[in-house]
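K.L.:
Below is the sequence, then the predicted model.
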Amino acid sequence: MYRKTGIVIFFLFGLFIVSFTSIESSKTAGLNTRSKKIHRQVLQQIHDFHDYIQDSLLVAVRNKQLDQQQIEHAFIQSRLLYKKFEWAATYFTFDLAKRLNGPPLEEIENADLLDPVLARGQDPMGLQVIEALIYPNILAKNQNSLIRAVGYLITNTNYLIDYYADHDFVDWRILDAAKLEVFRIMTLGITGFDAALSLNSIQEAAVSLESLEKALGYYTNRKKQPGLLPSIQAATNYLNGHTDFNSFDRAAFITKYANTITSSIAQLEKNLPGPKITYNRLLNQDVNTLFDPGAFNVNAFTPGAKFDITPAKVALGKKLFYDKQLSGTRTRSCATCHQLDLDYTDGLQTPVDILDSTSRLTRNAPTLINAALQSNYFYDMRALTLEDQVRDVISNKHEMDGSIEAAISYIKNNPTYRTLFHQAFPSTNDHWEATITADQLTNALASYVRSLVRLNSRFDDYMRGQKNALTRQEVKGFNLFMGKARCATCHFMPLFNGITPPKYIQSESEIIGVPKTLTDSLLDPDLGYYAIIGVNAYKHAFKIPTIRNISKTAPYMHNGVYTTLEQVMEFYNNAGAVGLGIDLPNQTLPTDSLGLTAEQQNDIIAFMKSLDSKQEK
C-alpha cells in the first residue's frame with residue numbers, strides 16, 4: 001500500500017487550515033446568478049455522490065459473497081463522482097474533503113512540534129482507505145472494516161451536504177478554486193497520488209476538467225477568454241484518448257494544455273470586478289502557471305510580516321553566514337557546512353563534530369537552495385521556521401557550539417555590524433526594538449537563506465515553452481518520474497520537495513527504510529520525526545527533501561549512505577526496506593518493485609539532472 005505522512009502547519013493566519021472561512025454566508029454576500037447556479041451544480045454533485053455510495057458501493061460491500069469486480073466497479077464510479085466536485089470541496093471545505101479522500105494513515109496536526117502532548121492524530125478515512133481495503137484483493141476478514149469505512153464516507157458526505165446547504169460561493173473564489181484544481185490535476189492527479197492502487201488517475205483528471213468546464217462556462221463569452229472552454233475540451237479529449245497510466249505523456253499534457261488553461265483562468269481572475277482577499281500563501285495568487293518566474297512567495301513561512309525579506313537584511317545575513325565568530329570555537333561558520341560551490345552542502349556523508357574532529361554528526365547537511373519554499377526544517381521537521389532553525393544550529397553543541405547571546409555581544413562591539421543592523425532594522429521601525437535582538441539576528445540569517453531561491457533550471461525553461469531545453473531522454477525521464485516510478489507522489493512538481501500542492505501548506509514525511517551502511521541490511525537506527533512527536537506510525541519518518549540540484553548535492557538520504565544517483569534509484573526500484581530484507585511494518589513506499597529497467601532508471605537520472613539551477617550572474 002502506498003501511504004503518505006504529513007504535518008499541517010497552522011501559523012499562516014488560519015487562512016487555509018480552517019477552510020470553512022473560504023465561503024461567504026449567503027445571508028451576507030451579494031451573490032449573483034452564476035455563482036448560485038454553480039453552487040447548485042456542486043450541491044447536486046455531492047448529493048449524487050452520496051446516493052451512489054449508499055445505493056451501490058455500500059450494498060456491494062455488504063453482500064455475503066464479496067464480488068471483487070462489482071466492488072471495484074462501484075469504487076471507481078464513486079471516485080469519478082467525487083472528482084466532479086473535488087475542486088470546490090478541497091478549496092472551500094478542506095477539512096471535510098480530507099475525510100472524503102484523505103491519506104490512508106494517521107495524520108498529525110499540531111503547530112507546536114516541540115510539545116508532543118499537543119500533537120493529535122486524525123484517524124484515516126475516505127476513499128483512499130477504502131481503496132487499500134479493496135486492492136489488490138478483498139480479504140473476507142476485512143469486510144467489516146470495509147463496511148465501516150464506507151459508512152464513514154456516507155456520514156462525512158452528509159456533513160458536507162449540510163454545510164453547503166447554508167453557504168454559497170462568490171465569483172473570485174470560484175475562479176481561484178478552479179485554477180488550483182487544474183494545478184492539483186497537474187501535480188497530484190496525473191501522478192496517481194490519491195489513486196495509487198486503482199490507477200484510474202487519467203480518467204479521473206478528465207472528469208475533473210469536464211466539471212470545471214461547466215462551471216467556467218458562466219464566466220466566458222466572445223470577449224472574455226473565448227479560448228478557455230475549447231482548451232479544456234481539448235485537454236479532456238487528450239486525457240480520454242490516452243488513458244494508460246504508465247504511458248501517459250505528462251510533459252505534453254502540461255505544456256500543450258494545462259498551462260494554457262490556468263493562464264486563461266488567471267486572466268479571468270484579473271479582470272473580475274469587485275473586492276478580493278489576498279492570501280499569504282506559498283504559491284502566489286496571481287500566477288498564470290506553476291512555472292512563472294516568481295510564482296512562489298519566499299515570505300510565506302516567515303513568523304510574521306515584520307520578518308519578510310529585504311535587501312538590507314539579505315546583505316547583513318550574508319555577512320553573518322560567513323562569520324566564524326558566531327560559533328563557540330570561532331572555527332566554523334554556516335558556510336562551513338553549506339558551501340556555495342557545492343550548492344550549499346558540504347559534500348560529506350555527515351558533517352564533522354565541531355568539538356571532536358574524529359566524530360561525525362548523524363545526519364547529512366542538506367542544500368539551502370530553495371529552503372524558503374518549504375514549511376518545516378531539519379530532517380525530523382522539528383523547526384517551523386528558518387529563524388527557529390538558525391537558533392537551533394547556533395546553539396547546538398555539535399554543530400556550532402555557540403549561543404545567540406554571545407553572538408549578539410560580539411555584534412554589538414563591531415561597528416560594521418552595528419551599521420548593517422541599523423540599515424536592516426532601522427530604529428524608526430516601530431516593530432523592532434532599538435537595540436540588536438535575537439529576533440533580528442536570526443531573521444537576518446534566515447533572510448539570506450530565503451534569498452537562495454533558484455527556479456531557473458532547464459526544466460523550468462522547458463515548461464515555460466522552450467521545447468529544446470530538454471533532451472528526448474530527459475523528457476522520457478520526466479514522464480517516468482511523474483508516472484510509473486511514482487517519484488512525484490513524494491517530490492511534488494514543480495518544487496520537487498515534500499510540500500503538498502496546490503495550497504502548499506502541508507509538509508510530507510516518508511518512511512522508506514534507509515540502511516545504516518552499504519555493506520549490510522540493517523535499518524538506520526535514527527527514529528527521525530518520531531523522536532519529536534512520539535507517534536508510532538512515524539518511526540523512522542523523515543522530511544522529503546528537494547531533488548533540485550541533486551546532481552551537485554551528494555551524498556544522499558538523511559544519513560548520506562548513498563553516494564550516487566544510481567544507488568538511490570536501485571534502492572527505490574527494489575521497494576526500499578522491503579528490497580533490503582528489512583522488517584519495517586510502517587514503510588510508506590510501495591512494497592513491490594517499481595519494475596524499472598536500467599534504461600528507465602538512467603532516463604530518470606537524466607531528468608533529475610535537468611533540475612540543476614543555472615548560476616546566478
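P.N.:
Done, it's in.

K.L.:
and stretch 240-257, which residues are buried?
P.N.:
Burial within stretch 240-257, assessed by neighbour count using 16 or more other CB atoms under 10 Å, is assigned to 242, 245, 248-251, 253-255, 257. For glycine as for every other residue, the C-beta is placed from the backbone atoms N, C-alpha and C.

K.L.:
typo on my end, stretch 213-227
P.N.:
Going by neighbour count (16+ other CB under 10 Å), the buried part of stretch 213-227 is 213, 215-216, 218-220, 225.

K.L.:
Distance from the chain centre to that stretch, please.
P.N.:
Taking CA atoms, centre = their mean, to the nearest Å, one finds stretch 213-227 lying 31 Å from the centre of the chain it belongs to.

K.L.:
mean confidence for it?
P.N.:
Stretch 213-227 shows a mean pLDDT of 94.

K.L.:
Just the endpoints, please. Distance across that stretch?
P.N.:
Its first and final residues considered, stretch 213-227 spans 12 Å by CA to CA, to the nearest Å.

K.L.:
Could you identify the most distant pair in the buried residues of stretch 240-257?
P.N.:
Farthest pair in the buried residues of stretch 240-257 (CB to CB) is 245 and 255. Separation: 19.4 Å.

K.L.:
how about the buried residues of stretch 213-227 in TSV, adding secondary structure and distance to residue 93?
P.N.:
Formatted as TSV, those follow (DSSP: H, G, I helix; E, B strand; the rest coil; distance: CB to CB, whole Å):
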residue	secondary structure	distance to residue 93
213	helix	22
215	helix	16
216	helix	20
218	helix	21
219	helix	22
220	coil	26
225	coil	27
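
K.L.:
What I need now is those written out in TSV, including distance to residue 343 for each item.
P.N.:
Below are those laid out as TSV (distance: CB to CB, whole Å):
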residue	distance to residue 343
213	42
215	43
216	41
218	47
219	43
220	44
225	40
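
K.L.:
Please identify which two of the residues you listed are farthest apart in space.
P.N.:
The most distant members of those, if one measures by CB to CB, are 215 and 225, lying 13.6 Å apart.

K.L.:
Mind jotting down where the helices sit in the stretch 451-600 of the chain?
P.N.:
Applying DSSP state H, counting those that start in this stretch to the stretch 451-600 of the chain gives helices spanning 458-463, 472-482, 530-533, 565-573, 598-609.

K.L.:
Can you list the low-confidence ranges for the stretch 201-350 of the chain?
P.N.:
Within the stretch 201-350 of the chain, no range satisfies pLDDT under 70.

K.L.:
And the helices in it?
P.N.:
Counting by DSSP H, counting those that start in this stretch, the segments of the stretch 201-350 of the chain that form helices are 201-216, 228-241, 250-253, 259-271, 311-321, 334-337.

K.L.:
just to revisit the earlier point, would you reformat the helices of the stretch 451-600 of the chain as JSON lines and include distance to residue 520 and mean neighbour count?
P.N.:
Listed next are these as JSON lines, based on distance: least, CB to CB, whole Å; neighbours: other CB atoms under 10 Å:
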{"stretch": "helix 458-463", "distance to residue 520": "36", "mean neighbour count": "22"}
{"stretch": "helix 472-482", "distance to residue 520": "30", "mean neighbour count": "22"}
{"stretch": "helix 530-533", "distance to residue 520": "22", "mean neighbour count": "20"}
{"stretch": "helix 565-573", "distance to residue 520": "14", "mean neighbour count": "19"}
{"stretch": "helix 598-609", "distance to residue 520": "23", "mean neighbour count": "20"}
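
K.L.:
just to revisit the earlier point, next, format the helices of the stretch 201-350 of the chain as CSV and append distance to residue 552.
P.N.:
Formatted as CSV, the helices of the stretch 201-350 of the chain follow (distance: least, CB to CB, whole Å):
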stretch, distance to residue 552
helix 201-216, 32
helix 228-241, 36
helix 250-253, 24
helix 259-271, 28
helix 311-321, 19
helix 334-337, 15
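
K.L.:
Wait, residue 227 touches residue 261, no?
P.N.:
No - the criterion here is CB atoms under 8 Å, and residue 227 misses it with residue 261 at 9.6 Å.

K.L.:
Angles on the backbone of residue 360, please.
P.N.:
phi -120, psi 150 (degrees, to the nearest 10).

K.L.:
so who does it touch?
P.N.:
Residues near residue 360 by CB atoms under 8 Å, 6 or more residues apart in numbering: 348-353.

K.L.:
And those, which is closest to residue 570?
P.N.:
Looking across the contacts of residue 360 and measuring by CB to CB, the closest to residue 570 is residue 349, at 18.2 Å.

K.L.:
Quick check: closest non-adjacent residue to the closest one.
P.N.:
residue 560 (3.5 Å; CB to CB, 6 or more residues apart in numbering).

K.L.:
ranges for the strands of this protein?
P.N.:
Applying DSSP state E to the chain gives strands spanning 5-8, 107-108, 121-122, 352-353, 356-360, 506-510, 542-543.

K.L.:
hang on, the earlier thing: and of the buried residues of stretch 240-257, the nearest to residue 94?
P.N.:
The closest of those to residue 94 turns out to be residue 254 (CB to CB; 24.6 Å).

K.L.:
residues touching residue 606, list them.
P.N.:
The neighbours of residue 606, taking CB under 8 Å, 6+ apart as the test, are 471, 473-474, 477.

K.L.:
okay if I get those as TSV plus distance to residue 71 and pLDDT?
P.N.:
Below are the contacts of residue 606 laid out as TSV (distance: CB to CB, whole Å; pLDDT from 0 to 100):
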residue	distance to residue 71	pLDDT
471	44	98
473	41	98
474	41	98
477	36	98
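
K.L.:
Now do the same contact list for residue 300.
P.N.:
12, 280-282, 372, 504 are the contacts of residue 300 under CB under 8 Å, 6+ apart.

K.L.:
ok, it to residue 95 distance?
P.N.:
For residue 300, the distance to residue 95 (CB to CB, to the nearest Å) stands at 20 Å.

K.L.:
again, but for residue 600
P.N.:
To residue 95, residue 600 is 39 Å away according to CB to CB.

K.L.:
low-scoring stretches of the chain, by residue?
P.N.:
Those would be 1-32, 107-122, 428-434, 616-617, if you go by pLDDT under 70 across the chain.

K.L.:
Outline the domain layout of it.
P.N.:
5-271, 305-450, 469-609 (automatic domain parsing).

K.L.:
Reformat those into a markdown table and put distance to residue 456 next to each item.
P.N.:
Shown next, in a markdown table, are these (distance: least, CB to CB, whole Å):
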| stretch | distance to residue 456 |
| --- | --- |
| domain 5-271 | 17 |
| domain 305-450 | 11 |
| domain 469-609 | 10 |
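
K.L.:
what's the neighbour count on the residue lying closest to residue 180 once chain neighbours are set aside?
P.N.:
Spatial nearest neighbour of residue 180, excluding adjacent residues (CB to CB, 6+ apart): residue 502 at 4.4 Å. Look at residue 502: counted by other CB atoms under 10 Å, it has 22 neighbours.

K.L.:
So residue 502 sits against residue 178, correct?
P.N.:
No - look at residue 502 against residue 178 with CB under 8 Å: they stay out of range, at 11.2 Å.
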